[in-house]
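Novice: I would like to see how this sequence folds:
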Amino acid sequence: MIAFLIKRLFHALLVMFVISIIAFAIQDNLGDPIQQMVGQSVPESEREALREQLGLNDPFLVQYLRFAGNALQLDFGYSYIFNQPTTEVILRHLPATLELVFATTLLIVLFSVPIGVYSAIRPRAWLSRFFMGVSIIGISIPVFLTAIMLIQLFAIGVSWSPFPADTGWGAWLNDLITTEGGMPAYGRGNPVPVFGTWATNFASLEGLTYLVLPAISLASIMLPLFIRLIRAEMLEVLQSEYVKFARAKGISLRRIYFVHALKNTMLPVITMGGVQIGTLVAYTILTETVFQWPGMGLMFLNAIQRSDVPLIITYLMIVGLIFVITNTLVDLIYGLVNPTVKLTGKPA
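Specialist: So this is what the prediction gives:
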């Protein structure tokens, strides 16, 4: 276990090193940060003096070595936008993104497992066909479009009366397709402070209402994928010899489905889940932009628009670290689910 954790620590350092190199290599294509920091009336001489003060005229290798030396002391530089250390800016926006990803993960787990298992057990049922059809639509629709539709339906509201309102059935159908709106769809509201810069939306009912639409929007792209993955893996497991043998022995179908088959179905799902949950952090950029959710995604987009290179580099390194941590946790969970797997790669 210790050897495994040391190996993953080395992987994390390697990932952050590669990301920092790539980010530094493309910084000249991100725009001129001096232009964003000063007004149009500032003379070129002052601009050049500020550029020299920030070390932007130094060669690439000198800039990177200076950054790497400071990074080893956990100093990733100052944000041009906020005029604060980039780590403080990241830590201030990180809780919002992590809460959104956590809420999205809960939705994915709570819905994908039962729907995927049911669709595998009863593949010809009309409900299974409905779920598969909806999942194809869900995969095809971009996240930002889903977010806009949710805002229109549940925040603004839709009033539509295509059926005759003077009949009972027409009035009922009109009410069925009409939404009142009123759901919050902008920002986080008033999250409850926990400690330091951490404030949570899970501590109040009002905070949870602000989470609903962004979490559903972010889950819309991953939930169909997991439903279809669980269904496909479950169908394959149900055709295996040990499941047929368990049926021949007279073991109850409930035990076969939810103890023997489901456990082996979840092994590849856990592996895929680690990668996809890490990817959710990247998908938050679109969701946070539409809902103006004050997380790292919205902060990163603003940093790109303002050419805040130190903040961009720090964000990319933090996201890379999150990927490594997520995959490490997935490997640990995989080892618990399947004890025959050795984390160190040595034979059992």
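Novice: report how many residues lie close to Arg255.
Specialist: One way to gauge burial is a neighbour count; for Arg255, by other Cβ atoms under 10 Å, it gives 11. (C-beta placed from N, C-alpha, C; glycine too.)
Novice: excluding its backbone neighbours, what's nearest it?
Specialist: Counting by Cβ to Cβ, 6 or more residues apart in numbering, Arg255 lies nearest to Ala246, which is 8.0 Å off, once chain neighbours are set aside.
Novice: ok, that neighbour to Thr328 distance?
Specialist: 34 Å (Cβ to Cβ, to the nearest Å).
Novice: buried residues in stretch 149-160?
Specialist: For stretch 149-160, a neighbour-count test (16 or more other Cβ atoms under 10 Å) marks 150-151, 154-155 as buried.
Novice: and the helices in the stretch 51-200 of the chain, which stretches?
Specialist: Using DSSP state H, counting those that start in this stretch, the helices of the stretch 51-200 of the chain run over 60-71, 86-121, 126-140, 143-150, 168-176.
Novice: let me see the confidence value for Leu343.
Specialist: The pLDDT attached to Leu343 in the predicted structure is 57.
Novice: so how far is the worst-scoring helix or strand of the chain on mean pLDDT from its chain's centroid?
Specialist: For the chain, the helix or strand with the lowest mean confidence is helix 33-37, at a mean of 71 (criterion: mean pLDDT, DSSP states H and E). Going by Cα atoms, centre = their mean, to the nearest Å, the spacing between the C-alpha centre of helix 33-37 and its chain's C-alpha centre is 31 Å.
Novice: so what touches that helix?
Specialist: Contact partners of helix 33-37, identified using Cβ atoms under 8 Å, 6 or more residues apart in numbering, comprise 47, 50-51, 54, 56, 80-81, 306-309.
Novice: recalculate using a threshold of 7 Å.
Specialist: When contacts are taken as Cβ atoms under 7 Å, 6 or more residues apart in numbering, the neighbours of helix 33-37 outside the stretch itself are 47, 50-51, 80, 306-309.
Novice: could you turn the buried ones of those residues into a PyMOL selection?
Specialist: Under the burial definition 16+ other Cβ under 10 Å, those of the contacts of helix 33-37 that qualify are selected in PyMOL by:
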select buried, resi 51+80+306+307+308+309
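Novice: Gln63 and Arg51 touch, don't they?
Specialist: No: in terms of Cβ atoms under 7 Å, Gln63 does not count as a neighbour of Arg51; the distance is 12.0 Å.
Novice: okay if I get the buried residues of stretch 149-160 as a markdown table plus distance to Ser140?
Specialist: Converted to a markdown table, the buried residues of stretch 149-160 look like this (distance: Cβ to Cβ, whole Å):
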| residue | distance to Ser140 |
| --- | --- |
| Leu150 | 16 |
| Ile151 | 20 |
| Phe154 | 21 |
| Ala155 | 23 |
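Novice: can you redo those residues as TSV with pLDDT and distance to Asn174?
Specialist: Supplementary listing: those in TSV, determined by pLDDT from 0 to 100; distance: Cβ to Cβ, whole Å:
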residue	pLDDT	distance to Asn174
Leu150	92	21
Ile151	92	22
Phe154	89	18
Ala155	90	21
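Novice: ok, so of these, who is nearest Val269?
Specialist: Leu150 (26.4 Å; Cβ to Cβ).
Novice: tell me the confidence at the spatially closest residue to that closest one that is not a sequence neighbour?
Specialist: Nearest residue to Leu150 in three dimensions, chain neighbours excluded: Leu213, at 4.9 Å (Cβ to Cβ, 6+ apart). According to the per-residue confidence, Leu213 scores 93 in pLDDT.
Novice: next, the angle from the host helix or strand of Leu213 to helix 143-150.
Specialist: Following DSSP states H and E, one finds Leu213 within helix 205-238. Regarding helix 205-238 and helix 143-150, their directions subtend 130 degrees when assessed with axes from the mean of the first three to the mean of the last three Cα atoms, to 10 degrees.
Novice: next, the angle helix 86-121 makes with helix 205-238.
Specialist: Between helix 205-238 and helix 86-121, the angle comes out at 50 degrees (the same axes, to 10 degrees).
Novice: list the helices and strands helix 205-238 packs on?
Specialist: Packing partners of helix 205-238 (3 or more Cβ pairs under 7 Å, 6 or more residues apart in numbering; DSSP states H and E): helix 86-121, helix 126-140, helix 143-150, helix 262-291.
Novice: ok, for the residue nearest to the spatial centre of the chain, nearest residue in space, not its chain neighbours?
Specialist: The central residue of the chain, meaning the one whose C-alpha is nearest the mean C-alpha position (Cα atoms, centre = their mean), is Leu280 at 1.8 Å. In space, not counting the residues next to it along the chain, Leu280 is nearest to Val101; the distance is 4.9 Å by Cβ to Cβ, 6+ apart.
Novice: sorry, back to before: distance to Thr314 added to the helices and strands packed on helix 205-238, as a markdown table?
Specialist: Formatted as a markdown table, the entries for the helices and strands packed on helix 205-238 read as follows, by distance: least, Cβ to Cβ, whole Å:
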| stretch | distance to Thr314 |
| --- | --- |
| helix 86-121 | 4 |
| helix 126-140 | 33 |
| helix 143-150 | 24 |
| helix 262-291 | 14 |
